[in-house]
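S.K.: the following block contains a protein sequence and its predicted model.
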Amino acid sequence: MKLESKSETRSESATSTLTEQPFDRLDPKVWRTICVVLLGPLMAQMDSTIVNVSLSNIRDSLHSSIASAQWIISGYLLALALMLPLNSWMVDRLGAKKLYLWCFSLFTLTSALCGAVHTMDQLICARLLQGIAGGLLAPLTQMMIARVAGRHMARVIGYAATPVLLAPTFGPIVAGAILKYASWPWLFYVNLPVGILAVILAVFLLPRDEPSKQRRPFDALGFIFISPGLACFLFGVEQVAHHEGSGFLILGLSLLVAFAWHARRKKTKALIDLELFKNRIFTTAAVTQFVTNGVMYAGQFLIPLYLTLGCGMSAEKVGWMLAPMGIGMMCVYPLMGALTDRFGCRAISAGGALLNILGTLPFIWMIRGHVSIPVIMAALLARGVGQGAAGIPTIAAAYASVSKDKLGLATTALNIVQRLGGPIATTVLALLTAATAAVGTVVTSEGFLIPFVALILIQVTGFVLAAQLPVRIHQQR
């Protein structure tokens, strides 16, 4: 069968439709890989959530300022960005399993180091090291899953992503229990038993792989351009929302543009081969992921802000009201494989994007009318289902459109695109909210109308992009 799209390039014409097959069982090797590798992003996400909600307690215990304590989070995130472009090159050199073992072991050891420090400066340095290790766990997880999933890509990603959603739910509970019955270092020591167990399981259960026989030389100039460029850009975007950091933003953009020029000259020898984006399916899926991630993070910023400042609700009440979105995502993720096999990639992704729009429209109505808690919770449930349905088929389409020997490069490129979407969309809405929601020192509900309209426009963009995905795809050889 041919791919159901009229404007495919020659490289993409080899992508044939995914034949509808009965819902068969996954190979035990796939289950073993899922159970082991998801511990990496699960632990990293749990660690981030625990630290985020415990920041003030850590600051008080180490007698530090708010500005210094913020670098516990910012330093970790910037270290993640610095390491991300190295994923593909390091996999080629070491092999995915060996690199995963090194990263997980280092993440566990640096967790112990974070708990053992005595000053804020020491903790920030330890968190930088932890970020260096954690920066490769997420892309490595996606790549190893993509290698074993085959035509079950959407199904396997859905299964693997579901437990990671538990981290934002249980992270605050774990943090509260630790701070109530122990001291702040145990926020990091809690990682040790999970890390040790994960390393042992990885040694015995992950399939062996060998380093690439055709090893690319290290692109030092490309690394100098893209890693600091990515870190400066993300830091600048975050600071622009506070009317600072424009210099970092300009520097980051300049370095990223320089990398694009460099990579076009180096082609396959570049740290990230931009020739990958000549694949129309991969490019469409990557841009859709960029927008989808932007919608998710922008919504997570705007909706709680509207409920607390615009509607005057307490933080505790808002926290409970946001639960339906996570529930919606958790319910839809395990169904993604069956739905994508039945209806195709385009229908599910575009349908999810449309449901996301429908879940946001009630907030426009409530801004112009009156607030209804049942409507809010129903809308958030719809947004959660739509977010999950829009995202996973897109990731599956991106990975299925490239050959297995290009999975490392695809993982790196896709993760960078995903990481950029959230901060950019959130910053745009933050600037709009600051400009429109406040009248003097008073925040008005009506002032949130323009930010919500902007969010819907971003969602419409995501729908249009999802509608450009192929109807069905088949895993490349």
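M.R.: Nice, thanks for sending it over.
S.K.: quick one: buried residues of the lengthiest helix in the chain?
M.R.: Selection of the longest helix in the chain by residue count, based on DSSP state H, yields helix 407-436. Within helix 407-436, the residues scored as buried using 16 or more other Cβ atoms under 10 Å are 407-430, 432-433, 436. C-beta: built from backbone N, CA, C; applies to glycine.
S.K.: over to stretch 190-210?
M.R.: Counting neighbours by 16+ other Cβ under 10 Å, one finds that the buried residues in stretch 190-210 are 190-191, 194-195, 198-199, 201-202, 206, 209.
S.K.: what's that stretch in contact with?
M.R.: With contact meaning Cβ atoms under 8 Å, 6 or more residues apart in numbering, stretch 190-210 is reached by 29, 32-33, 35-37, 39-40, 43, 47, 50, 95-97, 100-101, 104-105, 107-108, 111-112, 144, 147-148, 174, 178.
S.K.: got a ChimeraX select line for the buried ones in those?
M.R.: A single ChimeraX command selects the buried members of the contacts of stretch 190-210 (16+ other Cβ under 10 Å):
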select :32,33,36,37,39,40,43,47,50,95,96,97,100,101,104,105,107,108,111,144,147,148,174,178
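S.K.: just the contacts of stretch 190-210: which are in helices?
M.R.: Filtering the contacts of stretch 190-210 for helices - DSSP H - leaves 29, 32-33, 35-37, 39-40, 43, 47, 50, 96-97, 100-101, 104-105, 107-108, 111-112, 144, 147-148, 174, 178.
S.K.: so who does Leu271 touch?
M.R.: So Leu271 contacts 85-86, 88-89, 218-219, 222-223, 226, 263 (Cβ under 8 Å, 6+ apart).
S.K.: isn't Asp285 up against Thr394?
M.R.: I think there's a mix-up here, since residue 285 is Ala and not Asp. Yes: using Cβ atoms under 8 Å, Ala285 is in contact with Thr394, at 5.0 Å.
S.K.: outline the domain layout of the chain.
M.R.: Taking automatic domain parsing as the domain assignment, the ranges for the chain are 27-218, 276-477.
S.K.: deepest of the ones you listed, which one?
M.R.: Of these, the one with the most neighbours on average (mean count of other Cβ atoms under 10 Å) is domain 276-477, at a mean of 20.
S.K.: any idea of the mean pLDDT for that one?
M.R.: What domain 276-477 shows for mean pLDDT is 85.
S.K.: check the offset of that domain from the chain's centre.
M.R.: Chain-centre distance of domain 276-477: 12 Å, with Cα atoms, centre = their mean, to the nearest Å.
S.K.: and stretch 134-149, by the same measure?
M.R.: With Cα atoms, centre = their mean, you get 12 Å for stretch 134-149.
S.K.: looking at it now, give me its mean pLDDT.
M.R.: What stretch 134-149 shows for mean pLDDT is 82.
S.K.: tilt between the strand or helix carrying Val199 and helix 28-37?
M.R.: Val199 belongs to helix 191-205 when assigned by DSSP states H and E. Angle of helix 191-205 versus helix 28-37, following axes from the mean of the first three to the mean of the last three Cα atoms, to 10 degrees, is 160 degrees.
S.K.: CA-only coordinates of helix 191-205 in PDB, if you can.
M.R.: Output in PDB follows, covering the C-alpha atoms of helix 191-205 (Å, rounded to 0.1, in the frame of the first residue of the first chain):
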ATOM      1  CA  ASN A 191      16.500   8.300  44.700                       C
ATOM      2  CA  LEU A 192      19.200   5.800  45.800                       C
ATOM      3  CA  PRO A 193      17.200   2.600  46.200                       C
ATOM      4  CA  VAL A 194      15.400   3.200  42.900                       C
ATOM      5  CA  GLY A 195      18.600   4.000  41.100                       C
ATOM      6  CA  ILE A 196      20.400   0.900  42.400                       C
ATOM      7  CA  LEU A 197      17.500  -1.300  41.500                       C
ATOM      8  CA  ALA A 198      17.200   0.200  38.000                       C
ATOM      9  CA  VAL A 199      20.900  -0.300  37.300                       C
ATOM     10  CA  ILE A 200      20.800  -3.900  38.300                       C
ATOM     11  CA  LEU A 201      17.700  -4.500  36.200                       C
ATOM     12  CA  ALA A 202      19.200  -2.700  33.200                       C
ATOM     13  CA  VAL A 203      22.400  -4.900  33.400                       C
ATOM     14  CA  PHE A 204      20.300  -8.100  33.100                       C
ATOM     15  CA  LEU A 205      17.200  -7.200  31.200                       C
END
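S.K.: just give the nearest non-adjacent residue to Leu55, would you?
M.R.: Ala69 (5.6 Å; Cβ to Cβ, 6 or more residues apart in numbering).
S.K.: looking at it, Val332 is touching Gly388, isn't it?
M.R.: Yes: here Val332 reaches Gly388: they are 4.1 Å apart, a contact under Cβ under 8 Å.
S.K.: the contacts of Leu271 into JSON lines, with extra columns for secondary structure?
M.R.: Shown next, in JSON lines, are these (DSSP: H, G, I helix; E, B strand; the rest coil):
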{"residue": "Pro85", "secondary structure": "helix"}
{"residue": "Leu86", "secondary structure": "helix"}
{"residue": "Ser88", "secondary structure": "helix"}
{"residue": "Trp89", "secondary structure": "helix"}
{"residue": "Phe218", "secondary structure": "coil"}
{"residue": "Asp219", "secondary structure": "coil"}
{"residue": "Gly222", "secondary structure": "helix"}
{"residue": "Phe223", "secondary structure": "helix"}
{"residue": "Ile226", "secondary structure": "helix"}
{"residue": "Ala263", "secondary structure": "helix"}
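S.K.: okay, who's weakest in the residues you listed by pLDDT?
M.R.: Within the contacts of Leu271, Ser88 has the lowest pLDDT, namely 85.
S.K.: residues in contact with Val174?
M.R.: Applying Cβ under 8 Å, 6+ apart, we find Val174 in contact with 46, 50, 190.
S.K.: which stretches of the stretch 151-300 of the chain have low pLDDT?
M.R.: 169, 210-214, 241 (pLDDT under 70).
S.K.: where do the strands sit along it?
M.R.: Taking DSSP state E, counting those that start in this stretch as the criterion, the stretch 151-300 of the chain contains no strands.
S.K.: all helices of it, in order?
M.R.: Per DSSP state H, counting those that start in this stretch, the stretch 151-300 of the chain carries helices over the ranges 153-164, 166-181, 186-189, 191-205, 220-240, 246-266, 280-305.
S.K.: now the stretch 301-450 of the chain
M.R.: 315-321, 323-332, 336-343, 345-368, 373-400, 407-436, 449-466.
S.K.: for those, give me a markdown table that also has distance to Ala161.
M.R.: Formatted as a markdown table, those follow (distance: least, Cβ to Cβ, whole Å):
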| stretch | distance to Ala161 |
| --- | --- |
| helix 315-321 | 22 |
| helix 323-332 | 8 |
| helix 336-343 | 9 |
| helix 345-368 | 14 |
| helix 373-400 | 7 |
| helix 407-436 | 13 |
| helix 449-466 | 18 |
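S.K.: what's the closest of those to Phe235?
M.R.: helix 407-436 (9.4 Å; Cβ to Cβ).
S.K.: can you give me the end-to-end span of stretch 25-44?
M.R.: This stretch, stretch 25-44, spans 29 Å end to end (Cα to Cα, to the nearest Å).
S.K.: what's the answer for stretch 304-317, then?
M.R.: Distance across stretch 304-317, first residue to last, is 10 Å (Cα to Cα).
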